[in-house]
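Undergrad: Build me a structure from this.
(chains A, B and C)
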Amino acid sequence: MFELFKAELLRFRTWALALAGVHFIALGFLTRVVDLAQQPLVVHWSFGSTYAALGLLLGLYQMGTYRKPSAWLNMLHRPLSSPRIATSLILAAVALLAVAVALPIALIALWQGAMTPRVVDLRHWLLALAALQIATAGYLVGAYGMLGERRYCYAGLVFPLLLITAAATGLGALALQALAVAWLIAMVLATFKPDLDAPPRGAAGMIAVALPLQMAMYLLMLLAYSGVEMLWIAQGSHPNNTPTPPRGGHNEAEKADDRTRMRLALAGSTHPDAPLLREQIALSEPVGIASQLRRVPRRSELANVAPMEFDDDARGVRWVFSHDDMRLHGYRLNDRTSAGTLGIGADNVAFPVPALPVGAMPGSAKGDALLIAGNTAYHYDSESGQVLPRIRLPEDEVLVGASPLGETLGAISDRALYFFDGRETVEHQRVMTPRLRVPIPGSYHDIYDLDMIELVDGYLIVFSNSYNAHSAEGAVPYQYVLRVRDGGEIETIAKRRLAYDYPELYRYRSFWTSPALYALRDRVQHLFAPPLPLETSVAAPIPRSMWLLAGALSLLSLIGALWRTPRLVMPAPVRAAWVAICGAIGLPALAALWLLYRPQEIVASEQVSMQHAPVV
Amino acid sequence: MSTHDDHVIETHGLSRRYGRKLALDHLDLRIPRGRIHAIVGANGAGKSTLFRILLGFLAPSAGRARILGRDSQQLTPEDRGRIGFVNEEHTLPGWMRVSAIARMHHREYARWNQRAYEEVIGHYHVLPEQKVGQLSRGERAGFNLALALARSPELLILDEPTLGLDVVAKRAFLESLLYSNAADDCTVIYCSHQMEEIERVADNLIILERGRLMHMSAPEEFCSRVTHWVADIPFKGPEPSTVPGLLERQRLDGLHHYLVLDQDEGFAEFLRGVGARSIQSMPVGLDRAVNAFLAKNHAAPAAAA
Amino acid sequence: MARTQALMIRIATGDSRSIGKQIVDGIRMKIATGELAPGDQLPSVRGLAQQLTINPNTVAKAYTELTTEGWLDSRQGLGLYVAPLRQRLSDAERERRFDDAVQRFVHDVVPLNVTVDEVQTRMAAEFDALTPRKTA
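TA: Next up, the predicted model:
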């Protein structure tokens, strides 16, 4: 087994070293120009895709050369069991990818940490491991693609898709990648056997292949629906593309300008002040509160939501946040010498959660910056060189953004709106007390638009919560009109239910296709990840009709399995299991069954006359 | 495994279907242990399919196959160590050196016979430090054979191993196979189209045609079944379908030549019956006999012993 | 101890006679013409097979046939030797075979309209050309 491993390493040795060299030079060039440790998510995705593609090419090529009948025979006809042969080849590929992909990253990280004042956290070192796992996953997808039956060799692709759309970060992301790699290895091992045409080896092997295949079928069906949607759009009656949106629906509210939207929210309201407020809306200029945070940065995440650095132009220092010691590390831009570390306040206390620089408070001096960390907004004062908390929200809230509203400073968290006295931002350096707190009706995640106008004695705030109203994940869409007075009283003027523009069949298509896979997909995408505060929401209850439809399709799938399985070669318990699975999972399972098993080729027993030949 | 089965290869009603075509058609084959068995058949006779099934690389559509007493679909790594297979492509990792591959096999195979390897490889100009990719086809074939024999297999299957080799390489290959000590305890199955080789090498001749076993016996016995008759028939001559045991017929210089199977003096009667004036017969060489047999797509069963 | 005598026979593939038969005929002819004398040692099975590039089993079968018919003697542990001249066939059998050969010859020759003198001269010349020594 070791001999085979060595031989395979030898085969690609030159390629691996050459690619390692090219990779190292490319990274080396880039690292002179930018800080590779502080790149936005999209850059990480580009690199990740390249590594996965590299792995894919290796898998396709390596297994492609061995798949030819005489080469396959030569490889497998030896006194070594096929799982061990496969393991040798896979380990060799992983070693090659480690050299070509992970090693250059580690070396550059080493150089950056040792030779520059830039921040290199453990999470950056772990990028080398993540790159290797992603490349390995790509390799295994290619290997399986080459070895598996033509009809379903693409089933491995669900794993890269999972890795792209998963919520896990940091160690959780590494664990998810490892899980994907392990499952893909199981798929390859189940397929790596002398008779490549036979179905996957063993019950575990069959499950390893069947489950991703069913998910792939599910995703393909969703893709097919998008195709149908294209036809719908072409036909002209798609709610998003009609000349005027359907009345009373969420599209109407989303597409309207802010004044119209606010007026729509008051439509049909019987509140005595409604006509007055409508006039006010017509006269005033609606404003909103900026939300600077798209996603909450997590401690030790591998990639960055946004670069965690900002420049103090007055002092000429760049401050970079380090996840390892949860402080800012600075270095002078002109001579690249270190400018020390910075924590909160005079004692330089470490930040409790990662602090993301989000620009500067308007009206602040040159060089100042605003940092958001969890429930607190910090102000970096260039003159004193200190970071001081200015806004502190309740413990479990997440500050999403802050922006001025005239004299007032508005801030928004995942739970409420806050209004601060704008003068406090310049009068002192302490934590400001909010004058008003307005709890958000529904969830933050549901908010599509937030419009407000200033009244004589407060604010009129309109929440248009229709995010995801076109899909199964969305909450019930409402518009809320709240009037907030300076004294702190909050009154709900109106609560307008928005109509669904899309039919149930369209909105719940991910659900009724297979409730089981719908739930599984959600579970797996959130595996190893804590709940994300900006993305929690209470979905509208699934209508009974959709459950009935899903049930009917499951029944159809079960009948299909009952009809199909007698013509296939399988023992009775396996047949029962497949029928049950088709009933439980629905049409994607039936499609997988169709692809996995071919009907038995019948050989008619012919009249065998005098077939026996003389034996010498 | 010390028990010696009677047969190294056994198939019972073995069939394999590709779409509408039957590559193997209820094949019942029993090859005894020992000696050199030659399998001949036209392209498409099912030889490659048979070997792939016997080695477990393909599943039968019907029937069973056993090799060295084991079910061909359940071969263990130990079983594979006892069966050697060499085909015309002589697939070897082109990037490795000869010595490295020999060392690898030495470690992999428990019964590696270093002397046998050196004996066979000595016939070829193969240097240990050469990379396999640099060897000529003949050298690669010789190297492959050296590896195959040095593994001391109980059964060695060779599927057209001398295809594409020049005369010198071919001769060296046959000599290594026939006279190396390593092949002494080994049952050899030799597949070829070249009757010249078969005639030199075979103890037992097996003829496959369209997935069926047509004949199995020593080569001389097969030859004795085929006779060449020359008759002078004044008119057009009998319809081919009426000629008993007809394999091939030609009309040369006005004379009728017939190659027929399993016909005795009775055939002379038949020829006289259709008006032949002079009749002569003679035996036929193996090459001619087999070619005529295969060309006819003869579906007659083999004669009982 | 006799050394192995060189055996100068050739075989041809594609011939209507099997290789084994060609070997048997070839050795018989060599013995009959005296090129192989009684007591000469024949090459080993392996050696002859390698000389002709054929399967050793074929040579073994040919040797066995010749030994059975009495042309060769197998001496335990030493090899195969040409058997001493002796009557291999019974008188009756010898007579019968001679008769057959003569009949065949006469039948073939008569239509050619040759004279008895021509036949006799020719026969004598052929036998002389075959070998200086007379055979059994």
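
Undergrad: tell me which parts of the stretch 51-200 of chain B are close to chain C?
TA: Within the stretch 51-200 of chain B, the positions lying close to chain C (C-beta under 8 Å from any C-beta of the partner chain) are B:171, B:174-175, B:178-179, B:195-196, B:199-200. From N, CA and C alone the C-beta is placed, and that goes for glycine too.

Undergrad: And the residues you listed, which is closest to residue C:121?
TA: Minimum separation from residue C:121 among these (C-beta to C-beta) is found for residue B:199, which lies at 41.0 Å.

Undergrad: List the buried residues for the longest helix along chain A?
TA: Among the elements of type helix in chain A, defined by DSSP state H, the one spanning the most residues is helix A:202-235. Applying a neighbour-count criterion of 16 or more other C-beta atoms under 10 Å in any protein chain shown, the buried positions in helix A:202-235 are A:205-206, A:208-219, A:221-222, A:225, A:232.

Undergrad: Could you restrict the residues you listed to the ones contacting chain C?
TA: The overlap between the buried residues of helix A:202-235 and the neighbourhood of chain C (criterion: C-beta under 8 Å from any C-beta) is empty.

Undergrad: Next up, the contacts around the residue in the stretch 451-600 of chain A that chain C sits nearest to.
TA: The shortest separation between the stretch 451-600 of chain A and chain C is 43.2 Å, found at residue A:600 (distances taken as C-beta to the nearest C-beta). Residue A:600 is in contact with A:567-569, counting by C-beta atoms under 8 Å, 6 or more residues apart in numbering or on different chains.

Undergrad: Residue A:505 now?
TA: Taking C-beta under 8 Å, 6+ apart as the criterion, residue A:505 is in contact with A:512, A:549.

Undergrad: and what of residue B:276?
TA: With C-beta under 8 Å, 6+ apart, residue B:276 has these contacts: B:231-233, B:256.

Undergrad: So it, which state does it fall into?
TA: Using DSSP: H, G, I helix; E, B strand; the rest coil, the structure places residue B:276 in coil.

Undergrad: Likewise for residue A:430?
TA: Applying three-state DSSP: residue A:430 is coil.

Undergrad: For it, what are phi and psi?
TA: With angles defined as degrees, to the nearest 10, residue A:430 sits at phi -100, psi 180.

Undergrad: For the helix or strand encompassing residue A:495, list every residue counted as buried.
TA: Secondary-structure assignment from DSSP states H and E places residue A:495 in strand A:490-497. Of the residues in strand A:490-497, those buried under the neighbour-count criterion (16+ other C-beta under 10 Å) are A:493-494, A:496.

Undergrad: so residue A:63 makes contact with residue A:146?
TA: Yes: Residue A:63 is in contact with residue A:146 according to C-beta atoms under 8 Å; the separation is 3.8 Å.

Undergrad: Looking at these two, which is more packed in?
TA: Neighbour tally, residue A:63 and residue A:146, criterion other C-beta atoms under 10 Å in any protein chain shown: the higher count belongs to residue A:63, 24 against 19.

Undergrad: What residues does the more buried one make contact with?
TA: Contact analysis of residue A:63 by C-beta under 8 Å, 6+ apart lists A:89, A:142-143, A:146-147.

Undergrad: ok, now residue A:27?
TA: Under the criterion of C-beta under 8 Å, 6+ apart, the contact list for residue A:27 reads A:36, A:104-105, A:108.

Undergrad: Just among the contacts of residue A:600, which is most surrounded?
TA: Using other C-beta under 10 Å as the neighbour test, the contacts of residue A:600 are led by residue A:568, with 17 neighbours.

Undergrad: show me what contacts the closest residue to chain C within the stretch 151-300 of chain A?
TA: Here the stretch 151-300 of chain A gets closest to chain C at one residue, residue A:194, 32.0 Å apart by C-beta to the nearest C-beta. The neighbours of residue A:194, taking C-beta under 8 Å, 6+ apart as the test, are A:72-73, A:76-77, A:82, B:55-57, B:75.

Undergrad: Most widely separated two among these?
TA: Put simply, by C-beta to C-beta the two of those set farthest apart are A:72 and B:75, 14.6 Å from each other.

Undergrad: mind listing the strands for chain C?
TA: Defined through DSSP state E, the strands belonging to chain C, from first to last, are C:72-75, C:79-82.

Undergrad: May I see the ones you listed arranged in TSV, with mean pLDDT, distance to residue A:393 and mean neighbour count as well?
TA: TSV is the format used below for the strands of chain C (pLDDT from 0 to 100; distance: least, C-beta to C-beta, whole Å; neighbours: other C-beta atoms under 10 Å in any protein chain shown):
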stretch	mean pLDDT	distance to residue A:393	mean neighbour count
strand C:72-75	87	110	16
strand C:79-82	89	108	20
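
Undergrad: Of all those strands, which one is nearest chain B?
TA: Proximity of those to chain B was assessed by C-beta to the nearest C-beta; the nearest stretch is strand C:79-82, lying at 17.8 Å.

Undergrad: could I get the closest one in CSV with only the CA atoms?
TA: Extracted C-alpha coordinates of strand C:79-82, given in CSV (Å, rounded to 0.1, in the frame of the first residue of the first chain):
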residue,chain,number,x,y,z
GLY,C,79,18.1,-39.9,-21.6
LEU,C,80,16.8,-41.2,-24.9
TYR,C,81,18.9,-43.2,-27.3
VAL,C,82,18.4,-44.6,-30.8
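
Undergrad: which secondary structure elements does that strand contact?
TA: The helices and strands touching strand C:79-82, judged by 3 or more C-beta pairs under 8 Å, 6 or more residues apart in numbering or on different chains; DSSP states H and E, are strand C:72-75.

Undergrad: Outside of stretch A:380-391 itself, which residues are in contact with it?
TA: Stretch A:380-391 has contacts (C-beta under 8 Å, 6+ apart) with A:310, A:312-315, A:319, A:328, A:342-346, A:365-371, A:376-379, A:399, A:402, A:411, A:418, A:420, A:425, A:429-432, A:434.

Undergrad: mind running it again at 7 Å?
TA: Identification of contacts with stretch A:380-391 by C-beta atoms under 7 Å, 6 or more residues apart in numbering or on different chains yields A:312, A:314-315, A:342, A:344-346, A:365-369, A:371, A:376-379, A:399, A:402, A:411, A:429, A:431-432.

Undergrad: Mind exporting the C-alpha coordinates of that stretch to CSV?
TA: Extracted C-alpha coordinates of stretch A:380-391, given in CSV (Å, rounded to 0.1, in the frame of the first residue of the first chain):
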residue,chain,number,x,y,z
TYR,A,380,-11.8,55.7,18.1
ASP,A,381,-10.5,59.1,18.9
SER,A,382,-7.4,59.9,16.8
GLU,A,383,-6.3,62.7,19.1
SER,A,384,-6.2,60.8,22.3
GLY,A,385,-5.5,57.5,20.6
GLN,A,386,-8.2,55.8,22.6
VAL,A,387,-11.2,53.6,21.9
LEU,A,388,-14.2,54.4,24.0
PRO,A,389,-17.7,53.0,24.0
ARG,A,390,-20.4,55.4,23.0
ILE,A,391,-23.4,53.3,22.5
